[in-house]
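**Q** Below is the structure, and that's it, no one-letter string:
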């Protein structure tokens, strides 16, 4: 008998009918001979509604109390799902994050899981119960309710799977798995049967919305096989794991893109130690998240420094950077907020030449100008005009023949 | 500096404006030099909405999970109230029943408080916080969420006040206090400045909806002064306590009434030991709550046995009683579901003759027929035609001169 952890997102439990549908899927998993632990999100737009209630009280709600408030969303869906299972004669019990032993730090609204004490989960499994655990929440050392922030419920599920040594962590959502690229842009986009952790991390970080990179990181760290699938179909989804067959066939696994990129260039920066820190420490302190940083080759100790941010943070970033540029005797600050990015991702690219050249050629054939290039071991990213992102994704999908299923072994 | 426990009911925290209004009242209490612990109910009709959600899942929801679900209502209002206080620069922290140390038995949906471990409440008070505690909920020995059933939030407040040795427990609701009788029936009804625990218990048990008898019992047991007042005005309300001035003046404190009474008479019951048990044990097992029981004097070992139930339970009670009547060779079962009750209540009535006579005379002058009479040490109740209850309350209010303020010792 295997132990399976399943996670159902907010759209999968948005109303009573969907909750019953999820309950039937859980019963099937149990009837197939498994022990099942289920992590649930809050129903549909419950979290938004709770935030609205808080906003009616005050513009600056206390973060501890926001966590107390938001945690009720998952506590409602877990209770309703447990009732649905009980009504199908399937013994079930719901546990809050605290009851399930999800111990976090005390950083309200963005807490990190420190450890899991799953004794209560184990005891309830041993009694024959399906155990329903509230996603997105935990408890601090001071016994206060915390929430985990973005990607929280996925992270709860993967961390619980690691702690329970589960056979598999299944993330049910409203898409059927991880695709070679966004099917909205390329109709030929193909669902991947499997993908490696590193590749999934690059896909997620570079725009694929299927799963938050945070949960993938936990999966990689504890080697938890994660299956992403739809709660509205019975298809197998995509398995994210560590042993992807990769020697044969196409070595680009997928194409990620991002339509929300803005760029700032500080022109004529004196090139000496400490300059990068002088710019990026204040940006971090202002809560501005910098994605890509590129520094052009220095000519006569003067360099151009370019970095990208989300479009919504461009104005704030300019307010921080302009006085710094002036104080370090740099030239002007130039910004562009109509950019996007496109990335090719695949572990097979490591130590294999020719991928970058093929990518640049495909873009150039479409007349797409590349503004910035950054690479990791398993990814090449080009920053381009936002208006050409769709063309770029389509061209790259064709160039790397991603519509063709990779031959296995 | 005194310690005050305040409880605000669902109508007092029904929306954001009312929550802010409650927060202002709390700030005033603090500014007057008090430490304040606040117990809150769920907002407005939240509990009903949650029960509706459960009903959409299944007709017979699991009781443990119902408690998990319902407990979220108070957790939302407590977080919102704490936010409102924080936004007024008044340090506050919300605690769930479990966090506040409200330990109960495991009887889901009608749990009883076994003890309170208020160390966390005390610690937060010492830090200078207003402590907001979720009413209506606790935690079982097995660390599961429980709810306390009817009168739960009032009971939480009074029990917390007892455990913290508070100066006073203030129950804020949508009425201005305890009245000599229902002001809807008698415009001259007068708000009482004070009332004894026993009197309040009789008033509450016999139809006054201001406060659940359960909470009054806890107050009496631990001698907690309870003040009932309106959260929408600044009037002093009614103090329920143990040392009511009672030697002088009018000895009837108030008149309670109940419009929901049904009566069953089992005619010709053989009068021998065990007969009462044969009838009332099965009724209790069927969950039917019997109020008044009267047995007429036995003639030739044959007696008539009459009891009252809530109207909604009459049919169920008849289904239980008919076969028993037949099996014990009694005569027919007769029912009447158009009855009500009227009671006069006052500690001063003890050992003082003439109250019953005065009551019966007042009713007879109105041509009101008395169907049943029951008494306690401090109460006389008559069961009468429902249609005459209003007349009876008005006549008794006049007869005992309750519109006149009692002279104080």
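**A** On my side now, so go ahead. All values derive from a computational prediction rather than experimental measurement. Residues are numbered from 1 along each chain as shown, chains lettered A, B, ... in the order given.
**Q** so where's the stretch 301-409 of chain A shaky on pLDDT?
**A** A:351, A:406-409 (pLDDT under 70).
**Q** Now do the helices in it.
**A** Read by DSSP state H, counting those that start in this stretch, the stretch 301-409 of chain A holds these helices, from start to end of the chain: A:314-327, A:355-365, A:389-399.
**Q** Chain B: which of these is closest?
**A** Chain B lies closest to helix A:314-327 among the helices of the stretch 301-409 of chain A, at 25.0 Å (Cβ to the nearest Cβ). Backbone N, C-alpha and C define where each C-beta goes, glycine included.
**Q** quick one, phi psi at the spatially most central residue of chain A?
**A** Centroid check for chain A by Cα atoms, centre = their mean gives residue A:212 as the closest residue, at 1.5 Å. In terms of degrees, to the nearest 10, the main-chain angles of residue A:212 are phi -80, psi 140.
**Q** ok, now residue A:13?
**A** phi -120, psi 30.
**Q** Ok, the one 3 residues further on next?
**A** The main-chain torsion angles of residue A:16 are listed as degrees, to the nearest 10 and equal phi -60, psi -40.
**Q** Just give the nearest non-adjacent residue to it, would you?
**A** Leaving aside its chain neighbours, residue A:16 sits nearest to residue B:56 (3.7 Å; criterion: Cβ to Cβ, 6 or more residues apart in numbering or on different chains).
**Q** Not counting its own residues, what contacts the helix or strand that contains that neighbour?
**A** Using DSSP states H and E, the element containing residue B:56 is helix B:46-57. Contact with helix B:46-57 is made by A:15-16, A:19-20, A:76, A:79-80, A:83-84, A:87, B:10, B:61, B:65-66, B:69-70, B:72-73, B:76-77, as judged by Cβ atoms under 8 Å, 6 or more residues apart in numbering or on different chains.
**Q** what about the residue nearest to residue A:335 when sequence neighbours are not counted, how many neighbours?
**A** Sequence neighbours aside, residue A:264 is the residue nearest to residue A:335 in space, at 4.9 Å (criterion: Cβ to Cβ, 6+ apart). Residue A:264 is flanked by 24 other residues according to other Cβ atoms under 10 Å in any protein chain shown.
**Q** With the one 4 residues further on instead?
**A** Counted by other Cβ under 10 Å, the residues lying close to residue A:268 total 15.
**Q** and it, how far is that from residue A:276?
**A** 15 Å (Cβ to Cβ, to the nearest Å).
**Q** Ok, residue A:350 next?
**A** Distance, residue A:350 to residue A:276, by Cβ to Cβ: 27 Å.
**Q** Equivalent analysis for residue A:220, please.
**A** Distance from residue A:220 to residue A:276, by Cβ to Cβ: 29 Å.
**Q** Pick out whichever of the two has more residues nearby.
**A** Taking other Cβ under 10 Å, residue A:220 and residue A:276 do not tie; residue A:220 has more neighbours (20 against 14).
**Q** Now for that one: which residues touch it?
**A** Here residue A:220 is in contact with A:197, A:198, A:201, A:242 (criterion: Cβ under 8 Å, 6+ apart).
**Q** Need the max-distance pair from the residues you listed.
**A** Using Cβ to Cβ, those span at most 12.2 Å, a distance reached by A:201 and A:242.
**Q** higher neighbour count, the two?
**A** Ranked by neighbour count (other Cβ under 10 Å), residue A:201 and residue A:242 place residue A:201 first, with 23 against 12.
**Q** Check the offset of whatever helix or strand the more buried one lives in from the chain's centre.
**A** Assigned by DSSP H and E, residue A:201 belongs to helix A:197-205. Relative to the centre of its chain, helix A:197-205 is centred 8 Å away, using Cα atoms, centre = their mean, to the nearest Å.
**Q** Any buried residues in the helix or strand just after that helix, and which?
**A** Going down the chain from helix A:197-205, the next helix or strand is helix A:213-222, by DSSP H and E. If you call a residue buried by 16 or more other Cβ atoms under 10 Å in any protein chain shown, then helix A:213-222 has these buried ones: A:213, A:214, A:215, A:216, A:217, A:218, A:219, A:220.
**Q** Return the item of these having minimum pLDDT.
**A** Lowest in pLDDT among those is residue A:213, which has 87.
**Q** I'd assumed residue A:199 was in contact with it.
**A** No. Counting by Cβ atoms under 8 Å, residue A:213 does not reach residue A:199; the two are 11.5 Å apart.
**Q** got the angle between the longest helix seen in chain A and helix B:46-57?
**A** Assignment by DSSP state H gives helix A:63-87 as the longest helix of chain A. Angle, helix A:63-87 to helix B:46-57, by axes from the mean of the first three to the mean of the last three Cα atoms, to 10 degrees: 30 degrees.
**Q** after helix A:63-87, next one along is what?
**A** Sequence order places strand A:92-95 as the next helix or strand after helix A:63-87, per DSSP H and E.
**Q** if you look at the first helix or strand past that following strand going along the chain, does any of it touch chain B?
**A** Sequence-wise, the next helix or strand downstream of strand A:92-95 (DSSP H and E) is strand A:102-104. No. Strand A:102-104 lies apart from chain B when judged by Cβ under 8 Å from any Cβ of the partner chain; the minimum separation is 14.2 Å.
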